[in-house]
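J.: Fold the following.
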Amino acid sequence: MAAEPLAAATGRRKSSTAHVKVFPGQGNITINGLSALDYLKRETLVMIVEVPLEITETKSGYDIVAWAKGGGLSGQAGAVRLGIARSLLAIDEMHKKPLRAAGLLTRDSREVERKKPGQPGARKRFQFSKR
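T.: You can find the predicted model right below:
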């Protein structure tokens, strides 16, 4: 692995944050020191992370090293995906159109709604009794 990354970017999703660095390589994805499948544990989450590389057809050209923290595995996978998309955009501006068309450059701003007092959850109410 080269000492100097080609690009670096940060991605966020829910309460997760991922710092991503892209190096020239063979297509290995490492998250927190483990391979993507070992860290994320589900094939679907690995597929989510690989989407920007597949859309730009650069899957075998770069090695990805990411550090993710906060939230759960799903949020971390989304954060890594945004970080990879932003890094690919920094490497080559020609990637902007396909990444934007796939919606990969937009941060998913949905957050968990807070629980309100006097209720069992954010939206759920206790059962109503007329009598």
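
J.: Identify the residue spatially nearest to residue 63, adjacent ones excluded.
T.: residue 25 (3.0 Å; Cβ to Cβ, 6 or more residues apart in numbering). Using the backbone N, CA and C atoms, a C-beta is placed for each residue, glycine as well.

J.: so what's the backbone phi/psi at that neighbour?
T.: phi -180, psi -150 (degrees, to the nearest 10).

J.: go on, residue 39?
T.: Dihedral angles for residue 39 - degrees, to the nearest 10 - are phi -80, psi -50.

J.: Next, count neighbours for it.
T.: 21 (other Cβ atoms under 10 Å).

J.: Residue 50 contacts residue 59, correct?
T.: Yes: between residue 50 and residue 59 there is a contact at 6.8 Å, judged by Cβ atoms under 8 Å.

J.: that older thread, next one: the residue nearest to residue 63 relative to residue 59, how far apart?
T.: 11 Å (Cβ to Cβ, to the nearest Å).

J.: What of residue 39?
T.: 18 Å.

J.: Quick check: which ranges of the protein have low pLDDT?
T.: Applying pLDDT under 70 to the chain flags residues 1-2.

J.: Do you have the helices of it handy? List them.
T.: Assigned by DSSP state H, the helices in the chain fall at 36-40, 43-55, 73-91, 96-101.

J.: Pull the CA coordinates from the second one and hand them back as PDB.
T.: Backbone C-alpha positions of helix 43-55 (Å, rounded to 0.1, in the frame of the first residue of the first chain) are rendered in PDB as follows:
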ATOM      1  CA  GLU A  43     -23.200  -9.600   2.500                       C
ATOM      2  CA  THR A  44     -25.900  -6.900   1.900                       C
ATOM      3  CA  LEU A  45     -23.900  -4.300   3.900                       C
ATOM      4  CA  VAL A  46     -20.800  -5.100   1.900                       C
ATOM      5  CA  MET A  47     -22.800  -4.600  -1.300                       C
ATOM      6  CA  ILE A  48     -24.000  -1.200   0.000                       C
ATOM      7  CA  VAL A  49     -20.300  -0.200   0.500                       C
ATOM      8  CA  GLU A  50     -19.300  -1.400  -3.000                       C
ATOM      9  CA  VAL A  51     -22.000   0.500  -4.900                       C
ATOM     10  CA  PRO A  52     -19.900   3.700  -5.700                       C
ATOM     11  CA  LEU A  53     -17.000   1.500  -7.000                       C
ATOM     12  CA  GLU A  54     -19.400  -0.500  -9.200                       C
ATOM     13  CA  ILE A  55     -21.100   2.500 -10.700                       C
END
